[in-house]
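Student: Kindly generate the corresponding structure for this input.
(one chain, ligands or ions: 2)
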Amino acid sequence: MENIRLLFIDDEVNFRETVVKRLAKRGIVPEQAGSGEECLSILEKRDIDVVVLDIKMPGMNGIETLHHIKEKYPKIEVILLTGYAATQDGVEGIKAGAFDYLSKPVELEHLLSKIKQAHEKIRRMEEKRREAKSRARMKQQMITTERLASLGTLAAGVAHEINNPLAIINESAGWMELLLKKEELAEMPRKQDFEMALDKIKKGIDRAGRITHQLLGFVGKSDSVLSEVDLKEVVDESVQLINREAADKKVEIVQEVDPSFGTIWSDINQLRQVLINLLTNSIHATGSGGKITIILERVGEEVVLTVRDTGEGIPKENLERVFEPFFSTKSPGKGTGLGLFVTRSIVEKLGGKIKVESRLGHGTSFFVNLPKYHEIKEELEENDHFDVLGIINKGLP
Ligand SMILES: Nc1ncnc2c1ncn2[C@@H]1O[C@H](COP(=O)(O)OP(=O)(O)O)[C@@H](O)[C@H]1O
Ligand SMILES: [Mg+2]
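Tutor: Ligands and ions are numbered 1, 2, ... in the order given. Purely as a prediction, here's the structure:
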């Protein structure tokens, strides 16, 4: 039998002890007491599911006690015991929130089944509460995801718009740099100050450029070109691109490729960006002497690309957040917090999934599952249209 935490309150000691003994024989061992006051003091200390409560008691009577119980512990169910033919009391009790009432003399089987019913009601209510809670959580999650998606789209659009003025600033800065090198300005006053300012401008452009580049990668627009891709080649190319950075940090990169690994139908440029983002993160996280392993396997109709490092790992509380836009633990000069956001967007756009596992202090693995064949979904193409007004009308997060 399920564990029912029962409290039995009656001022008639003999009656009470007899019932309690018989209940115990049936697997329910109740707490017991002889007054309403004692009942309340026990409830302060113990977790109780069901109270069986005599109505006629000296001091605080059953109905008063019931009021106190329902006010303070609304989840507790109360079964009242009324005197012989005192139906009126019982009805009053139900109005005050009692589960039910039984008239004395009470038959044990009857009492037992009422207790079980009351307990069942508590269980059902608990289940309902849990369901409501998980529904609310799911809804919240959906809202968050939606907001992140529209934020990303907006950010990508802004990046696109910023790219043009950024190019003009960049060109002008380059022109000024050339100008400063000319003979006619050799004796220019405070020339060094100008050069220093120019240097700052160039660094700023660089940083802004990196951000817009990442954001635009997220949109991917028309460059979403599908063709037969040899992932092994993409891995080789990407490794070549970041090899220098890895060598500088004395981080070794090894590849484990399933020899039967063929080609997949996907977007080569976007896959390259995925790899470079993952590898760059791994290099950042891995100290001298560390190792990065790239694994390519075929699993049924899917391919799995794993990037595993022996780096610092990701704390549990950050694991869910690393894919959020602008989430970064790096200094502003080093991280944009967009790498994994963009990476996930690309992978999902290509019909795949990305997962992360990490042990703090030991290393991190990112798993990218990609379908062998992928048809671009219409809805994903629709997402490519940049609709600022729509987003603003919907309301920003
Ligand atoms: N391989 C990894 N090892 C440890 N932490 C990582 C790794 N990859 C990503 N992270 C964490 O996730 C954060 C977000 O990554 P990302 O979106 O690429 O942005 P960024 O690299 O610009 O900070 C990083 O700042 C880092 O804290
Ligand atoms: Mg990154």
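
Student: Residue 347 against residue 367, yeah?
Tutor: No - between residue 347 and residue 367 no contact is recorded; they are 10.2 Å apart, counting by C-beta atoms under 8 Å. The way it works is simple: take the backbone N, C-alpha and C, and place the C-beta from them, glycine included.

Student: Compare those two (neighbour count), which wins?
Tutor: Ranked by neighbour count (other C-beta atoms under 10 Å), residue 347 and residue 367 place residue 347 first, with 21 against 16.

Student: contacting residues for the more buried one?
Tutor: Contact partners of residue 347, counting by C-beta atoms under 8 Å, 6 or more residues apart in numbering, are 274, 353-354, 368, 370.

Student: try residue 60
Tutor: 35-37, 68.

Student: and if you look at residue 9?
Tutor: 32-36, 38-39, 51-54, 57, 62, 65.

Student: now, which of those lie within strands?
Tutor: 32-33, 51-54 (DSSP state E).

Student: need those residues in JSON lines with pLDDT, distance to residue 163 and neighbour count, can you?
Tutor: As requested, the ones in strands among the contacts of residue 9 are exported to JSON lines (pLDDT from 0 to 100; distance: C-beta to C-beta, whole Å; neighbours: other C-beta atoms under 10 Å):
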{"residue": "32", "pLDDT": "96", "distance to residue 163": "78", "neighbour count": "20"}
{"residue": "33", "pLDDT": "96", "distance to residue 163": "77", "neighbour count": "18"}
{"residue": "51", "pLDDT": "97", "distance to residue 163": "70", "neighbour count": "28"}
{"residue": "52", "pLDDT": "97", "distance to residue 163": "75", "neighbour count": "27"}
{"residue": "53", "pLDDT": "96", "distance to residue 163": "75", "neighbour count": "25"}
{"residue": "54", "pLDDT": "95", "distance to residue 163": "81", "neighbour count": "24"}
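
Student: And residue 127, which helix or strand is it part of?
Tutor: helix 108-180 (DSSP states H and E).

Student: could you point out which element follows that helix?
Tutor: Next along from helix 108-180, by DSSP H and E: helix 191-219.

Student: Any buried residues in whichever helix or strand comes after that following helix, and which?
Tutor: Note on helix 191-219: by DSSP H and E, the next helix or strand toward the C-terminus is strand 227-229. By neighbour count on 16 or more other C-beta atoms under 10 Å, the buried set for strand 227-229 is residue 229.

Student: Enumerate the sheet neighbours of strand 227-229, specifying parallel or antiparallel for every one.
Tutor: Sheet pairing of strand 227-229 (DSSP bridges) gives strand 264-266 (antiparallel).

Student: Quick one: mean pLDDT over the strand it pairs with.
Tutor: Average pLDDT, strand 264-266: 90.

Student: Please apply the same query to stretch 244-259.
Tutor: Rounded mean pLDDT across stretch 244-259 is 93.

Student: Just to be sure, residue 348 is in a strand?
Tutor: No - applying DSSP: H, G, I helix; E, B strand; the rest coil, one finds residue 348 to be helix, outside a strand.

Student: With adjacent residues omitted, what lies nearest to the closest residue to ligand 2 within the chain?
Tutor: Going by C-beta to the ion, ligand 2 is nearest to residue 339 of the chain, at 2.8 Å. Closest residue to residue 339 apart from its sequence neighbours, by C-beta to C-beta, 6 or more residues apart in numbering: residue 277 at 4.2 Å.

Student: That concludes my questions; thank you for your assistance.
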